[in-house]
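A.B. asks: 3D model of this:
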Amino acid sequence: MDNTNQKKALINSEIALFLRGLIIGKVLTLMVIGGLLWWLLKPNLLSRNSVNSSPNQNFKTVSNTTSSFQTVADVPTASFNYGGSTAWASIRQLVDSQIQSDRPELQLRYVDPVNASPGSSSGIRMLLDGKLDFAQSSRPLTDEEQAMAKERGFTLEQRQVGMDGIAVVVNPSLKVSGLTVDQLQQIYLGKITNWNQVGGPNLPITPLSQRPEDADTVIFPSNSDLKGQTLGSNVQYVYSTTEAVRQLSKIPGGVYYGSARSVVPQCSVKALPLGQTAGQLIPPYREPMVSPEQCPRQRNQLNTEAIKNGSYPIIANLFVIIKQNKGREQQIGDAYTKLLLTDQGQRAIEQAGFVGVN
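C.D. replies: Residues are numbered from 1 along each chain as shown. Predicted coordinates for the structure are as follows:
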């Protein structure tokens, strides 16, 4: 091969080597640029993915909404009679009005007893007699009431929807630090008859009470040895809590027990702390106590925390009493209970001044 051909071959191999290097360099450059672009765009891609996934997350949030009156199924379309405990008055005013506003197909009509005081006992009797479709009670059913229902071919069920306390109220002028549960019971049995026996002034005690057969609340539990004992001869009977509060403002030594929600905010009476022992007295009101002079600008509020945690000694559970007869009464009793146990119902019960159970 001559020199000319050798030079041409050398030039061609150099050109090929140059072109190969150029191509490899471009490929590497494109890879680097692509990697940089991917790295720079990565946050945007991630945020785009998170945005795209948010509808599913929002859907889950919506699907976990709280229960309301609208979510309850099988609410009957009709008008129903109900009644019972006077302690439920604020629930009837606030909660039941909301139920009927949200569920207009359901109409509830409160019915007063005839020739009897309104209360848990009279409401349950009216339910047994077929005068109510369901009843509201602030005490448990008694064995006698269950037996009476059985005689009539059905049973009664009590379903708890809230809690209240039983408060003891006296004339505002009475100077006494509080009572134990035992002292309260002995007062109503006629064993303690003067306030000086419980650390108060030398003043006769005048206990006020609804008649046991019409009682709205009880201070002698069904499992107590004192259940069924005759009240003292000095007990004066009243028609209602409203009458009792009015009487107490006139009787310096008077005392009455009833729904804490009903009596604690009253201006004309004073609620006493209660306890299982004299060293553990718990007020039924939130401290500090509002004096009668400050009322009605301010009112005492229920000590819901003590009722909720069980430190308050006498709790009154709120029950819906349902007639188990597989008829319209059972249907409305079940539906009404479910409405009260929704999140919306429990909030409304607490707005009415009671303690919820959910």
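A.B. asks: now the strands: where do they sit in the stretch 251-358 of the chain?
C.D. replies: Counting by DSSP state E, counting those that start in this stretch, the segments of the stretch 251-358 of the chain that form strands are 254-259, 270-272, 274-275, 315-324, 355-356.
A.B. asks: partners of the top strand by length along the chain, with directions?
C.D. replies: The strand spanning the most residues in the chain, taking DSSP state E as the definition, is strand 155-170. Each strand paired with strand 155-170, and its direction, by DSSP bridges: strand 254-259 (antiparallel), strand 270-272 (antiparallel), strand 315-324 (antiparallel), strand 355-356 (antiparallel).
A.B. asks: Check these for me and report the most buried one.
C.D. replies: Counting by mean count of other C-beta atoms under 10 Å, strand 254-259 has the highest mean neighbour count of these, with a mean of 26. The way it works is simple: take the backbone N, C-alpha and C, and place the C-beta from them, glycine included.
A.B. asks: mean confidence for that strand?
C.D. replies: Per-residue pLDDT over strand 254-259 has a mean of 97.
A.B. asks: got it, and stretch 105-124?
C.D. replies: Stretch 105-124 comes out at a mean pLDDT of 93.
A.B. asks: got the CA positions of it in PDB?
C.D. replies: Extracted as PDB, the C-alpha positions of stretch 105-124 are listed here (Å, rounded to 0.1, in the frame of the first residue of the first chain):
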ATOM      1  CA  GLU A 105     -93.500  12.600  59.000                       C
ATOM      2  CA  LEU A 106     -93.300  11.800  62.800                       C
ATOM      3  CA  GLN A 107     -95.700  13.700  65.100                       C
ATOM      4  CA  LEU A 108     -95.300  13.500  68.900                       C
ATOM      5  CA  ARG A 109     -98.100  14.600  71.200                       C
ATOM      6  CA  TYR A 110     -97.400  14.900  75.000                       C
ATOM      7  CA  VAL A 111    -100.300  13.700  77.100                       C
ATOM      8  CA  ASP A 112    -100.700  14.600  80.800                       C
ATOM      9  CA  PRO A 113    -102.100  12.000  83.200                       C
ATOM     10  CA  VAL A 114    -105.700  12.400  84.500                       C
ATOM     11  CA  ASN A 115    -106.100  12.700  88.300                       C
ATOM     12  CA  ALA A 116    -102.400  12.100  88.900                       C
ATOM     13  CA  SER A 117     -99.100  14.000  89.100                       C
ATOM     14  CA  PRO A 118     -97.100  14.000  85.900                       C
ATOM     15  CA  GLY A 119     -93.900  11.900  86.300                       C
ATOM     16  CA  SER A 120     -92.100   8.600  85.600                       C
ATOM     17  CA  SER A 121     -94.600   6.500  87.500                       C
ATOM     18  CA  SER A 122     -97.700   7.900  86.000                       C
ATOM     19  CA  GLY A 123     -96.200   7.800  82.500                       C
ATOM     20  CA  ILE A 124     -95.400   4.100  82.900                       C
END
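A.B. asks: what ranges do the helices span in this protein?
C.D. replies: Using DSSP state H, the helices of the chain run over 3-63, 89-102, 120-128, 143-151, 181-188, 241-248, 260-263, 304-309, 328-341, 343-351.
A.B. asks: Quickly, which of the ones you listed bottoms out on average pLDDT?
C.D. replies: helix 3-63 (a mean of 42).
A.B. asks: So which bits of stretch 137-155 are buried?
C.D. replies: Under the neighbour-count criterion of 16 or more other C-beta atoms under 10 Å, stretch 137-155 has Ser137, Ser138, Arg139, Pro140, Leu141, Glu145, Ala149, Phe154 buried.
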